[in-house]
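Trainee: Okay, structure incoming, though there's no sequence with it:
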């Protein structure tokens, strides 16, 4: 049996590459985020279908949770692409620690779980880390308090809420049936965004389509590998998958090809990496 370590590392690298690829496509190949988001999700759906069929996915016997998960998945996809297009990769990635914060808060709201002092302390640590991870050459914490960060945090809240309904639908329907129908329902919902991208759909070139396909493929690999890793071990797998691979890639781009992704001083990256490390460790303990 292949060790869960291998699957966890595959997932970590795949997720890191996905963020970078999506950012590069948005920045250099696809000016219309709506058409990119539609194609990206459609390709993810196509990549899921053969796995779902091979694992005997069927029609849902319960619909409420899977519909809610699909709706939130579609909204999360839109906010994901929009937020990533406006933020540096080295800022966007650490903000995923807030997903754990919102998950804990939602559990307290919907499951009547009380937040203990340690949890409140860890939430405060993550928030403080967020103040520093968003800094730029001005080294002002005010860079955290803007619309770009707000929409990114809104995305994290939506992802955390979507995870609740996805988990419920998986428990009801099984992993592959739920995964297939969540992706399918989300794609149907995204059809209603046609007015925002319909006229640009025919302008998609082979290079843009290929890069978008690569982004979708890395995302599917990440999901499948992480699920396999979590099936054997949660704690160590979560630690590996939480590593800021995309931040490391972004930093390398800033050194060797700053015109492609982002460019900041070494001091900025030292602050961002330090803050990200604190946030990730706090999120892992909070989780």
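Mentor: In hand now; what should we look at? None of the values given here were measured: they were computed from a predicted structure. Numbering: from 1, shown residues only.
Trainee: When you work out contacts or count neighbours from here on, use the C-alpha atoms and nothing else.
Mentor: OK.
Trainee: could you give me the average pLDDT of stretch 277-287?
Mentor: Regarding stretch 277-287, the rounded mean pLDDT is 88.
Trainee: buried set for it?
Mentor: Residues of stretch 277-287 classed as buried by neighbour count (16 or more other C-alpha atoms under 10 Å): 277, 278, 279, 280, 281, 282, 283, 284, 286.
Trainee: Let me see the contact set for residue 46.
Mentor: Going by C-alpha atoms under 8 Å, 6 or more residues apart in numbering, residue 46 touches no other residue.
Trainee: On the three-state scheme, it is what?
Mentor: Secondary structure of residue 46, reduced to three states by DSSP: H, G, I helix; E, B strand; the rest coil: helix.
Trainee: Give me the distance between it and residue 216.
Mentor: 10 Å (C-alpha to C-alpha, to the nearest Å).
Trainee: Which of the buried residues of stretch 277-287 sits closest to residue 109?
Mentor: residue 286 (16.4 Å; C-alpha to C-alpha).
Trainee: Would you quantify the distance from the closest one to residue 19?
Mentor: Distance of residue 286 to residue 19, computed by C-alpha to C-alpha: 24 Å.
Trainee: Looking at the buried residues of stretch 277-287, point me to the pair that's furthest apart.
Mentor: Maximum distance among these (C-alpha to C-alpha): 14.1 Å, for 277 and 286.
Trainee: any low-confidence regions in the chain?
Mentor: Low-confidence segments of the chain, defined by pLDDT under 70: 1-2, 231, 234-235.
Trainee: Report the secondary structure element holding residue 129.
Mentor: helix 117-133 (DSSP states H and E).
Trainee: Just list the residues touching residue 201, thanks.
Mentor: residue 35.
Trainee: What about residue 212, how many residues nearby?
Mentor: 27 (other C-alpha atoms under 10 Å).
Trainee: which ones are touching it?
Mentor: 21, 22, 25, 36, 39, 40.
Trainee: The last one: neighbouring residues, count only.
Mentor: What it means is residue 40. Counted by other C-alpha under 10 Å, the residues lying close to residue 40 total 23.
Trainee: from what I can see it touches residue 217, true?
Mentor: No - contact between residue 40 and residue 217 fails when scored by C-alpha atoms under 8 Å: they sit 9.5 Å apart.
Trainee: Now do the residue nearest to residue 193 when sequence neighbours are not counted against residue 88, distance only.
Mentor: Setting aside the residues directly before and after it, residue 193 is nearest to residue 34 in space (C-alpha to C-alpha, 6 or more residues apart in numbering), at 7.3 Å. According to C-alpha to C-alpha, residue 34 and residue 88 sit 20 Å apart.
Trainee: now the helices for the stretch 51-200 of the chain?
Mentor: Using DSSP state H, counting those that start in this stretch, the helices assigned to the stretch 51-200 of the chain run over residues 64-86, 89-92, 97-110, 117-133, 147-173, 175-190, 198-201.
Trainee: Any chance of the ones you listed in JSON lines with distance to residue 52 as columns?
Mentor: Below are the helices of the stretch 51-200 of the chain laid out as JSON lines (distance: least, C-alpha to C-alpha, whole Å):
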{"stretch": "helix 64-86", "distance to residue 52": "15"}
{"stretch": "helix 89-92", "distance to residue 52": "31"}
{"stretch": "helix 97-110", "distance to residue 52": "27"}
{"stretch": "helix 117-133", "distance to residue 52": "37"}
{"stretch": "helix 147-173", "distance to residue 52": "12"}
{"stretch": "helix 175-190", "distance to residue 52": "5"}
{"stretch": "helix 198-201", "distance to residue 52": "28"}
